[in-house]
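Participant: no sequence on this one, just coordinates:
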């Protein structure tokens with residue numbers, strides 16, 4: 001275990017760290033692949049360092065199977081937390097039979113009797129299908145805590161008003177995409193729901209390596225699907241030149257605190273009261289940023305830091321992004 005004090009918060013009866021490890025990069029070989037022996041060693045090193053909460057999904061390749069295999073054989077002192085998802089992308093009626101089958105598969109894959117945090121996403125919900133599905137999950141003993149994925153504020157309000165105990169909502173949140181601050185954050189603060197955030201580093205663009213770099217060629221070697229997605233958002237937010245101004249501001253703050261640009265970008269999100277955890281992506285067995293990620297803990301942005309960041313953000317099109325993309329998660333609704 002690292003000497004750094006791990007910051008935590010509560011989800012139901014579980015105390016979990018404020019940095020989750022995201023396993024979405026198991027979904028595609030475009031992020032690379034590694035032998036099982038390296039994956040196992042990487043898992044062990046992460047847990048030993050205090051990364052004991054993992055986010056995965058039914059469609060993240062072998063993520064659940066890899067996690068289940070590791071946790072079932074782990075004999076250490078740490079409680080390893082499983083946050084997975086049931087995602088309905090097609091026009092599927094979430095009947096009890098459909099939901100039971102999906103949940104049974106999740107439990108089987110992670111080799112457990114229950115799911116610590118079962119997060120639900122549905123692409124088509126015009127007729128209130130999300131309420132029916134959430135009610136089923138909320139009443140199932142195999143679900144310890146219930147979360148949402150990419151719910152917009154209106155959909156969250158409907159669930160809360162229906163008496164469903166939603167503990168978390170997983171949404172995109174970063175210095176570039178600050179839409180949660182408009183409606184979702186205040187709603188979560190009011191009802192005690194915590195956000196789990198992804199995209200916080202914009203696919204790796206919010207990092208020291210991009211400071212002073214020219215506009216990247218998106219389809220050159222080394223560019224991932226995440227790079228292409230978040231580069232488009234940077235362009236919508238204000239463009240590469242303004243993004244460089246943001247990186248310069250973050251670098252000054254990072255040097256002041258003895259951390260990295262990525263640490264500052266992550267800390268900016270964590271310092272919002274309604275954020276429970278930031279999900280940091282990990283390419284198991286391929287790349288390791290454990291030591292750097294741990295430097296997120298133990299400090300906060302002060303007033304001078306916030307003022308420096310805000311000076312750049314006020315020049316961006318962040319308000320227009322909310323108007324164009326819509327509320328949290330609405331870019332995934334068709």
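Facilitator: In hand now; what should we look at? Keep in mind the model is a prediction, meaning the values are calculated, not measured.
Participant: okay, buried residues for stretch 103-122 please.
Facilitator: Applying a neighbour-count criterion of 16 or more other Cβ atoms under 10 Å, one finds 103, 106-107, 109-112, 114-122 buried in stretch 103-122. Every C-beta, even on glycine, is put in place using the N, C-alpha and C of the backbone.
Participant: all strands of the protein, in order?
Facilitator: 8-11, 14-17, 19-22, 53-55, 81-88, 115-122, 143-149, 166-172, 194-198, 275-281 (DSSP state E).
Participant: in terms of pLDDT, where does the closest residue in space to residue 326 that isn't next to it in sequence sit?
Facilitator: Once flanking residues are discounted, residue 326 sits nearest to residue 152: 7.2 Å by Cβ to Cβ, 6 or more residues apart in numbering. Residue 152 carries a pLDDT score of 94 in this model.
Participant: ok, now how distant is residue 152 from residue 327?
Facilitator: Using Cβ to Cβ, to the nearest Å, residue 152 is found at 4 Å from residue 327.
Participant: report the set of residues contacting both of the two.
Facilitator: Listed as contacting both residue 152 and residue 327 by Cβ atoms under 8 Å, 6 or more residues apart in numbering are residue 184.
Participant: how close does the residue lying closest to residue 153 once chain neighbours are set aside get to residue 171?
Facilitator: Nearest residue to residue 153, sequence neighbours excluded (Cβ to Cβ, 6+ apart): residue 183, at 4.1 Å. For residue 183, the distance to residue 171 (Cβ to Cβ) stands at 11 Å.
Participant: joint contacts of those two?
Facilitator: Here residue 183 and residue 171 share the contacting residues residue 328, scored by Cβ under 8 Å, 6+ apart.
Participant: and these two? which has more neighbours close in?
Facilitator: The neighbour count for residue 183 versus residue 171, taken as other Cβ atoms under 10 Å, is higher for residue 171 (26 against 17).
Participant: pick out the residue closest to the middle of this structure.
Facilitator: Central residue of the chain (Cα atoms, centre = their mean): residue 198, 2.9 Å from the mean position.
Participant: wait, doesn't it sit right on residue 279?
Facilitator: Yes. Using Cβ atoms under 8 Å, residue 198 is in contact with residue 279, at 4.8 Å.
Participant: who touches the residue nearest to residue 326 in this structure?
Facilitator: 184, 326-330, 333.
Participant: list the buried residues in the worst-scoring helix or strand of the chain on mean pLDDT.
Facilitator: One helix or strand of the chain scores below all others by mean pLDDT, DSSP states H and E: helix 36-48, with a mean of 84. Across helix 36-48, burial judged by 16+ other Cβ under 10 Å covers 39-40, 42-43, 46-47.
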